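Participant: Sequence below, structure please.
(2 chains)
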Amino acid sequence: MSTTRRSFLATALAGGAASVMLARDLYAQEGGPIVIGHQVELTGGFASWGYWHDKAAKAAAKLINEGGGIAGRRLDLVTEDTESSPATGARKLRSLIQRNRAAFVTGSVHSGVMLASIPIATELKTVYFSTGEATEATGSRGTRYAFRSGTDTYALAAAGAPWAFNNLGKTWTMIFPDYAWGHSHHQEHKAVIERLGGKVHDPIAVPLDARDLLPYLTRIPQDTEVLFSVFFGAQSVAFYTQAKALGLEKTMRMYSVSGTMEAIAPEDMEGAAEGVVVVENFPRMLRFKDDEFHREHLRIMEVDPVHARETSSRRVYAKSHAWQAWENLFLLKRAIEVSGWRTKRNDPDVIRALEGMEVPNSLAHPQGAKLLRAQDHSGMIDCYISRIESNEYRVKHMVPRAELQAMLPPRVDFTTQAL
Amino acid sequence: MLANLATLALNGLAWGLIVALIALGLSIIFGLLDVINVAHGDLFMVGGVLAWTAVETTGSFAAALVVVPLLGMALGLATERFAIRPILRNPALTIVSTFGLSLILQEAVRATFGPAPRRLMAPLPGTLPVFGTNYEIYRLAAAVAAALALAAFFLFQQRTRFGTWMRAVRHDRETALTLGIPVARVQLLTFALGAALALLGGVIAAPITTVDFRAGVEILPACFMAVVIGGLGNLPGTAAAAVLLAVTEGVVSGLSDPTAARITSLCLMSAVLLLRPQGLFAGAAR
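Facilitator: Numbering: from 1, shown residues only, chains lettered A, B, ... in the order given. As a prediction, the model looks like this:
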């Protein structure tokens, strides 16, 4: 076959591309650092949480490197700010994987960012740990590359709603911000309460930018026994403040999930949160899970054992979610070491190692022992139902992970997807 | 049902008066300088943060009511002098400039005050039975304070020499200049006054809402809607539109879904843009 100018160019381009890929692979095989990306909300609406996710991931990476790294290789943690925006978060994820060559990514707590990121991580065949709560991430929109070590709206409803039904009341009204996270909580909790024989009034969905909530609070039916709210950040403080001013807590029980008061101290709400019952993933107070690992974790994170407030500032540890940024790095370390991972080519082995992985209560996993369930890639963890009393989160009931798992049949099976 | 609607209408009026105060600042800045101040919501946010700081420091809400608007004037003077005046001839650039200011204010507050929201206790706690609902006393006081501030502003504009200059510059800048009115000084002080109104709104609203670095992002759309419906640069129209929007949203949310109330407001704005692009209250005194 004679060589033409066109065939020469085609061969040269193909050769060039192959050499680039080969060089990249060889680089990864050199036993150099393992790059893990951290996609986090350092600015924007989720910045109060992002600060802690960033701090937890950096502390965990330091701990791993001081202990000899991952399989003897140094861990390089590369952090990108999503600006709390799904579009920016998706762009930064591509940057982490394609420009920074992150082999794995521990990702966003912002459900919008998380759901925008999973298709990209899947397209680029990169293991992605999300930390948000939208159930779709390990459900209808999940893939074999997406994992979550914490809880979602499905798990939070299973953990808390039966206890709240038995102990707080049978007639419920749900009030939430008018977007996916709020609706997801409403649907999951409504299903549990109705299955138990309770009554659920029409939901009240509040526009995201509403700060004057009185028009919505006056719609709450008088016979409500349990008012379930799932606001976030400033809107959450506005909700509790305005509900308290109306005296709603005198006629109904206030019930919620930890996300509504994450990174917020009840004492900073000047009594508005008193009496609220919340489901926590990691008890804010040390004494309700008092062990050496929890104590050491708090010491490293530089927070006090009662209010989880940073010792050098007034910030409050976003404890029920940010532990995932810490633990996800240790889950990846374990999977890499167990599977013998060396390059991206070995990613399927890491995924198989993560599927069904059980880890003990330890400094690597201070939230507690847990199972990363194979079918839906979801963490099965202990949950805590706490009541705010004298500005402290006092645990009233613990839901063991085995009990949670029994109430939470998997809705998907990612293990059937090809790698 | 009727009692509930009456409560919601009253609440709409109270909230609308606070929004009117903030929107008025936006409108006078646009009316005089042709500047769309994208950072106006963030000035409102800074007002809340400074109020919280003042109350933490002095224990007095009254001190916050006096000091914070004065700080707002100082911030407005600096902004006009350094971020607006050098590019005043190019309206597109002023949008970029105020957007930059918005980011600077948000990130400065996030870095210093912190990203977590805080609650500011109402200086007048307690409730009053109004139409069968326990209505917060502070909301009524806030509405009165906002109404007084609005009245004071309109009196200032009608009865003082500077107010006359403001109206003259808004009406015809070139003629005002030829008549010897110090247009540059009027513009400078108008921007400062607009900023002070936003910060005052922040102080009054803080005990009702919350204090956090994103508060400005959420209030700005309501202010822009009031300015559009009232007529660009039409000050009484802006104030009336803010109240109209808040009352409408309150009443509609009592009759149907809260989201429908927001849709009603947007439809009202769209209708005004299509049918009366000069504003619903065009013809009212400028």
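
Participant: which stretches of chain A aren't confidently modelled?
Facilitator: A:1-30 (pLDDT under 70).

Participant: center of it - which residue?
Facilitator: A:Thr131 (2.2 Å; Cα atoms, centre = their mean).

Participant: Helices along the stretch 1-150 of chain B, start to end?
Facilitator: With helices called from DSSP state H, counting those that start in this stretch, the stretch 1-150 of chain B shows them at B:2-33, B:40-58, B:61-79, B:91-112, B:137-159.

Participant: Ranked by average pLDDT, which of those falls at the bottom?
Facilitator: Note on the helices of the stretch 1-150 of chain B: lowest mean pLDDT is at helix B:2-33, with a mean of 88.

Participant: isn't the residue nearest to the centre of chain A right up against A:His53?
Facilitator: Yes. A:Thr131 lies in contact with A:His53 (Cβ atoms under 8 Å); the separation is 6.8 Å. Just so you know, the C-beta spots here come from the backbone N, C-alpha and C atoms, and that holds for glycine as well.

Participant: what residues are shared contacts of the two?
Facilitator: A:Val109, A:His321, A:Ala322, A:Gln324, A:Ala325 (Cβ atoms under 8 Å, 6 or more residues apart in numbering or on different chains).

Participant: how about those residues in CSV, adding distance to chain B, neighbour count and secondary structure?
Facilitator: What follows is the shared contacts of A:Thr131 and A:His53, written out as CSV (distance: Cβ to the nearest Cβ, whole Å; neighbours: other Cβ atoms under 10 Å in any protein chain shown; DSSP: H, G, I helix; E, B strand; the rest coil):
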residue, distance to chain B, neighbour count, secondary structure
A:Val109, 13, 28, coil
A:His321, 14, 24, helix
A:Ala322, 13, 27, helix
A:Gln324, 19, 29, helix
A:Ala325, 16, 29, helix
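
Participant: B:Thr57: which of those is nearest?
Facilitator: The shortest approach to B:Thr57 among these belongs to A:Ala322, at 31.1 Å (Cβ to Cβ).

Participant: In this structure the closest one contacts A:Trp52, no?
Facilitator: Yes. Applying Cβ under 8 Å as the test, A:Ala322 and A:Trp52 come out as touching, 3.9 Å apart.

Participant: so where's the stretch 101-250 of chain B uncertain?
Facilitator: Using pLDDT under 70, nothing in the stretch 101-250 of chain B is flagged.

Participant: what about the closest residue in space to A:Tyr317 that isn't next to it in sequence, neighbour count?
Facilitator: Closest residue to A:Tyr317 apart from its sequence neighbours, by Cβ to Cβ, 6 or more residues apart in numbering or on different chains: A:Ala308 at 4.0 Å. Here the number of neighbours of A:Ala308 (other Cβ atoms under 10 Å in any protein chain shown) works out to 24.

Participant: Roughly how far does the residue lying closest to B:Gly76 once chain neighbours are set aside sit from B:Gln106?
Facilitator: Spatial nearest neighbour of B:Gly76, chain neighbours left out: B:Ala195 (2.9 Å); criterion: Cβ to Cβ, 6+ apart. Distance of B:Ala195 to B:Gln106, given as Cβ to Cβ, to the nearest Å: 16 Å.

Participant: Counting neighbours, go ahead and name the busier of the two.
Facilitator: Using other Cβ under 10 Å as the criterion, B:Ala195 and B:Gln106 rank with B:Ala195 on top: 30 against 23.

Participant: That one and chain A: what is the separation?
Facilitator: Distance of B:Ala195 to chain A, computed by Cβ to the nearest Cβ, to the nearest Å: 21 Å.

Participant: surely that residue meets B:Leu24?
Facilitator: No. Counting by Cβ under 8 Å, B:Ala195 sits too far from B:Leu24 to count as a contact (11.9 Å).

Participant: To what extent is the residue nearest to B:Leu140 when sequence neighbours are not counted buried, counted in neighbours?
Facilitator: Of all residues not flanking B:Leu140 in the chain, B:Ala14 sits nearest, at 6.7 Å (Cβ to Cβ, 6+ apart). For B:Ala14, the neighbour count with other Cβ under 10 Å is 27.

Participant: again, but for A:Val306
Facilitator: With other Cβ under 10 Å as criterion, A:Val306 counts 13.

Participant: Same question for B:Leu274.
Facilitator: 8.

Participant: re the thing from before, name the nearest of the shared contacts of A:Thr131 and A:His53 relative to A:Pro162.
Facilitator: Using Cβ to Cβ, A:His321 is the member of these that sits closest to A:Pro162, with 22.6 Å.

Participant: show me what contacts the spatially closest residue to the closest one that is not a sequence neighbour?
Facilitator: With Cβ to Cβ, 6+ apart as the criterion, A:His321 has its nearest non-adjacent residue at 5.4 Å, and that residue is A:Val109. Residues near A:Val109 by Cβ under 8 Å, 6+ apart: A:Val40, A:Glu41, A:Phe46, A:Trp49, A:Gly50, A:His53, A:Ser130, A:Thr131, A:Gly132, A:His321, A:Ala322, A:Gln324.

Participant: Same check on B:Met73?
Facilitator: B:Ala192, B:Leu193, B:Ala195, B:Ala196.

Participant: which of those has the most neighbours?
Facilitator: B:Ala195 (30 neighbours).

Participant: Let's see the helix or strand hosting that residue as CSV, backbone CA atoms only.
Facilitator: Secondary structure assignment for B:Ala195, by DSSP states H and E: helix B:183-205. Extracted as CSV, the C-alpha positions of helix B:183-205 are listed here (Å, rounded to 0.1, in the frame of the first residue of the first chain):
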residue,chain,number,x,y,z
VAL,B,183,-25.3,67.8,39.2
ALA,B,184,-22.2,65.7,40.2
ARG,B,185,-22.8,66.4,43.9
VAL,B,186,-26.5,65.6,43.5
GLN,B,187,-25.7,62.3,41.9
LEU,B,188,-23.1,61.5,44.6
LEU,B,189,-25.6,62.2,47.4
THR,B,190,-28.4,60.5,45.6
PHE,B,191,-26.5,57.3,45.4
ALA,B,192,-25.6,57.6,49.1
LEU,B,193,-29.2,58.2,49.9
GLY,B,194,-30.3,55.1,47.9
ALA,B,195,-27.6,53.0,49.7
ALA,B,196,-28.8,54.4,53.1
LEU,B,197,-32.4,53.4,52.3
ALA,B,198,-31.3,49.8,51.4
LEU,B,199,-29.3,49.5,54.6
LEU,B,200,-32.2,50.9,56.7
GLY,B,201,-34.5,48.3,55.0
GLY,B,202,-31.9,45.7,56.1
VAL,B,203,-32.0,46.8,59.7
ILE,B,204,-35.8,46.9,59.8
ALA,B,205,-36.2,43.5,58.1
